[in-house]
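Asker: Output the structure for:
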Amino acid sequence: MFHSFKSTLFLLTIFWCILFCTSTAVYGQEILTTYKEQYDKTRPGSPARFELVGKYAQALFFQEKQQEATQLLKENISIAEKQEDKANAAYLYAILAMNAQLNENVTEAKKSIKKALDYVQQIDVDEIKAYVNYCHGWMYVRDNQEAKAVQSLLTAVSYYEKAPQSPTKLSRLSATYKELTSIYASWDDYELQEKYSKLTLDIAIKQNNPNALFDAYMMMGYLYESEFAQNTNNIYARDLAEKYYKKAIKTYENNQEVIPFRSDLAFVANNLASLYLRAFPKQYNEQATYYANLALQQAQETHQINFQASSYGILAEIALQQEDSKAATSYLLSALSAINSTHLPDKNTLLSIYESLAQLNEREENYLGALHFHKLYLQTYQSIYNQDKLEISRRLEAQYEKEQQKQQLLTLQLSSEKKEQQIQLMKTLGLQQQQELENLKLSEENQRKKLEISQLETETHAQALKLSQLENDNKLLDIQHFKKTLSYQEKVNSYFLALALVFAILLFVLLYVYKQRTKSMKQQKELYNLALEKEKQHAKIATLTALLDGQEQERARLARDLHDGLGGLLSGTKIQLSTLQHKITDANKIEMTKSIEHLDNAVDELRRVAHNLMPDLLLKYGLEEALKEYANRMSTDQLDIDVQFLGYTHTLQQDKQLLVYRIIQELVNNALKHASPQQIIIQLVESDNSYMVTIEDDGCGFNLEQVQQSKSAGLHNIQSRVQFLKGEFHIHSEFNLGTSIDFQFPK
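Answerer: Down below sits the predicted model:
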């Protein structure tokens, strides 16, 4: 009845768990002041200042002082770039890129991380190389490029493993493991998620850092809770989740002065209470109530409204299971009051509370109250829907306006550049014209003076006047020649401008062609790698096929040799002894009879061995009849083997039937040899697209990790056959409870 509210609380828990496991540390004003004092005491350009400036800049960023953080980083980057060793420049550029990414300045982020990666190629400091690759992977995660993120993060891990010990190495390696854990958690790859969660825990234990231990225990608890959510029959994962959540709470209680955020305790307590309520029997409701009240107390003291609502919701579920509707209603109303006390209440949580209250009132036949809360539910649902539509509309409008502004700015920049070029050209022409005018004025002045002199000396200097006229003619020719030269130079400048433009266009075309060619070569390389990997898989399958065929042929040959050769010999011996039995004395007849019985037993054992090597029933009547005959033959007074076929249509190919028979035969023999079971169940279920085979026994069980480490040949053969069937193989075993093995393969 209250399933929706319960689901909402569980989703809220998952959200907070991811947040706490992956987010960076919260910097308070006190920490910011401490970093500033330490920063002011260090010398500019010193290693101590470069190490401190990263922490100081991040502290400023998380105190909403992004501009100050960016300015601080750029000032120190300019100093670091002047140094011969570029390690500090790479380190600061990586932090600048992360801050820009968080500030949604994608262009600046990409530019900064590129600079950091360029400087990484020039240094030999493995820890700085690792940190830059970690930052690159971190940015890929935020850009939803998780495959590339994994590559960068694994590169960072390899550099960290080669780097010498330092005060920061373990904490940075732990951050890298946490990012990998988050990625594999989103991919539902529990094996790798568990691997990196455990590595994070190992580092926390080495550091002996309560904060790191608390985070690691929370991650491990969440990991196993997720595995249990996927398979509610996995009690082992449930118990591990409980164990690690309890360890996190104990770590907090023993180190309260070092772990200052009490909301962390509220978060873990809510998770543990929810686990007891959902996954454990009802007798654990007392523990669920205890941890829900603990979470509620801490959430109230730290004013964590969402945690309070989660605690009230869990308490309401417990009261409902105890059929205490009044208490359940009270807890739900308290959750509603807590959520409404915030300025921006979580409408999804409100939606769940209203729905639960409406259902509870309807159950109590308070139809007026049920109608009231149902109306509130509809109003809240409509507001969420309208708000989502408005948010999408605003986001699209903002994106459109932003793109439009970018286009306008680009147009204005191009227009401004063009006008500036025109102005420069006009200034040049103006200077040339001004120079020409001054030359003309000087020439005119000279002509005027010469004319005055010639007029005064007209009578006495006739020859001089003629000479002056000739000089004037020459100067006019020079002026005309100068004008022609100037016109020619203007044309040449125009030609050069046109050639430069053509050259720029050609250069752009060549760059575009080169980029396309590089992209095409990269795609061809990727296709080649895929084809090579596919060919390797084909070769591996062919080798495995040949190996299995060889094994079966050898088994068939041995079966024929035993049956036709040794079997005939034993039968002939029995006939001869039977003939001699009438010819010997009565005293020896008893011994002769025992010998004949031993021969009968030997013949039966020979037939059993030959049948195990090559089951004739499988070839004649199929897998179902062969397995039932095998189970009947292996069953004894102390052992019951039951074979079940569900939905089987007898369409499985004969070579696959033989592989399945061999796998089941090997598993049953292993159970008889090592587990001492009293009952074995063999079940084959055929579905539309696949076959599922399960073998269960009630034997003593075994340690799966020890078996995998021992690299058993029998287990390797089974896995090889399942791999040949393109199937999946799973083992679950517990001491004194038995073993369940299943494998699934497609049709």
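Asker: Neighbours of residue 682, how many?
Answerer: Counted with other CB atoms under 10 Å, the neighbours of residue 682 add up to 21. The C-beta positions use only the backbone N, C-alpha and C, and glycine is treated the same way.
Asker: Number of residues surrounding residue 455?
Answerer: By other CB under 10 Å, the burial measure for residue 455, its neighbour count, is 9.
Asker: For the helix or strand hosting it, give the mean pLDDT please.
Answerer: Remark: residue 455 resides in helix 367-456, with elements defined by DSSP states H and E. Averaged across helix 367-456, the pLDDT comes to 63.
Asker: Against which helices or strands is the helix or strand hosting residue 535 packed?
Answerer: With secondary structure defined by DSSP H and E, residue 535 is part of helix 462-560. Helix 462-560 makes packing contacts with helix 367-456, helix 586-613, helix 713-724 when contacts are defined by 3 or more CB pairs under 8 Å, 6 or more residues apart in numbering; DSSP states H and E.
Asker: pLDDT weak spots in the stretch 151-300 of the chain?
Answerer: 260-263 (pLDDT under 70).
Asker: residue ranges for the helices of it, please.
Answerer: Along the stretch 151-300 of the chain, counting by DSSP state H, counting those that start in this stretch, helices occupy 169-186, 190-207, 210-230, 235-254, 262-279, 285-302.
Asker: For the stretch 451-600 of the chain, which residues score under the pLDDT cut-off?
Answerer: Within the stretch 451-600 of the chain, the ranges that satisfy pLDDT under 70 run 454, 461-462, 464-465, 537, 541-542, 544-557, 559-572, 574-576, 581, 585-587.
Asker: if I pick the residue nearest to residue 98 when sequence neighbours are not counted, what's in contact with it?
Answerer: Nearest residue to residue 98 in three dimensions, chain neighbours excluded: residue 135, at 5.4 Å (CB to CB, 6 or more residues apart in numbering). Contacts for residue 135 were tallied using CB atoms under 8 Å, 6 or more residues apart in numbering; they are 94-95, 97-98, 113, 116.
Asker: can you list the domains in this structure?
Answerer: Per the record's domain assignment (automatic domain parsing), the chain is made up of the domains 27-164, 486-614, 622-746.
Asker: Residue 453: which of the ones you listed is closest?
Answerer: Nearest to residue 453 among those is domain 486-614 (31.4 Å), distances taken as CB to CB.
Asker: So what does residue 745 have for phi and psi?
Answerer: When read as degrees, to the nearest 10, the backbone of residue 745 gives phi -140, psi 150.
Asker: Look up the closest residue to it, ignoring the ones flanking it.
Answerer: Once its chain neighbours are removed from consideration, residue 745 has its nearest residue in residue 727; the separation is 3.0 Å (CB to CB, 6+ apart).
Asker: What about that neighbour, how many residues nearby?
Answerer: By the criterion of other CB under 10 Å, residue 727 has 21 neighbours.
Asker: and the residue positioned nearest the centre of the chain, what does it touch?
Answerer: What sits nearest the mean C-alpha location of the chain, by CA atoms, centre = their mean, is residue 183, with 1.9 Å. Contacts of residue 183 were listed using CB under 8 Å, 6+ apart, and they are 141, 146, 149-150, 153.
Asker: Dump those residues to TSV, plus neighbour count, distance to residue 471 and secondary structure.
Answerer: Compiled in TSV, those are given as follows (neighbours: other CB atoms under 10 Å; distance: CB to CB, whole Å; DSSP: H, G, I helix; E, B strand; the rest coil):
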residue	neighbour count	distance to residue 471	secondary structure
141	21	85	helix
146	18	87	helix
149	22	85	helix
150	19	88	helix
153	25	87	helix
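Asker: Nearest to residue 514, out of those residues: which one, please.
Answerer: residue 149 (28.2 Å).
Asker: That closest one and residue 341, how far apart?
Answerer: For residue 149, the distance to residue 341 under the criterion CB to CB, to the nearest Å works out to 39 Å.
Asker: What of residue 599?
Answerer: Distance of residue 599 to residue 341, computed by CB to CB: 92 Å.
Asker: Run a quick neighbour tally on residue 284.
Answerer: Applying other CB under 10 Å, we find 15 residues neighbouring residue 284.
Asker: That one against residue 275, yeah?
Answerer: No. Proximity of residue 284 to residue 275 does not meet the contact threshold set by CB atoms under 8 Å, at 9.3 Å.
Asker: Just give me how far stretch 438-457 sits from the chain centre.
Answerer: Between the centre of stretch 438-457 and the centre of its host chain there is 91 Å, according to CA atoms, centre = their mean, to the nearest Å.
Asker: send the alpha carbons of it over as PDB?
Answerer: Once side chains and other backbone atoms are set aside, the C-alpha atoms of stretch 438-457 remain, and they are given as PDB (Å, rounded to 0.1, in the frame of the first residue of the first chain):
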ATOM      1  CA  GLU A 438      53.300  69.000 -49.800                       C
ATOM      2  CA  ASN A 439      55.600  68.100 -52.700                       C
ATOM      3  CA  LEU A 440      53.300  69.900 -55.100                       C
ATOM      4  CA  LYS A 441      53.200  73.000 -52.900                       C
ATOM      5  CA  LEU A 442      57.000  73.100 -52.700                       C
ATOM      6  CA  SER A 443      57.200  72.700 -56.400                       C
ATOM      7  CA  GLU A 444      54.800  75.500 -57.000                       C
ATOM      8  CA  GLU A 445      56.700  77.800 -54.600                       C
ATOM      9  CA  ASN A 446      59.900  77.000 -56.400                       C
ATOM     10  CA  GLN A 447      58.200  77.800 -59.700                       C
ATOM     11  CA  ARG A 448      56.800  81.000 -58.400                       C
ATOM     12  CA  LYS A 449      60.200  82.200 -57.200                       C
ATOM     13  CA  LYS A 450      61.900  81.200 -60.400                       C
ATOM     14  CA  LEU A 451      59.200  83.000 -62.400                       C
ATOM     15  CA  GLU A 452      59.900  86.200 -60.400                       C
ATOM     16  CA  ILE A 453      63.600  85.900 -61.000                       C
ATOM     17  CA  SER A 454      63.000  85.300 -64.700                       C
ATOM     18  CA  GLN A 455      60.700  88.300 -65.000                       C
ATOM     19  CA  LEU A 456      63.300  90.500 -63.300                       C
ATOM     20  CA  GLU A 457      66.000  89.100 -65.600                       C
END
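Asker: Begin at 33, not 1, for the rest of this chat.
Answerer: In the new numbering, first residue 33, that becomes stretch 470-489.
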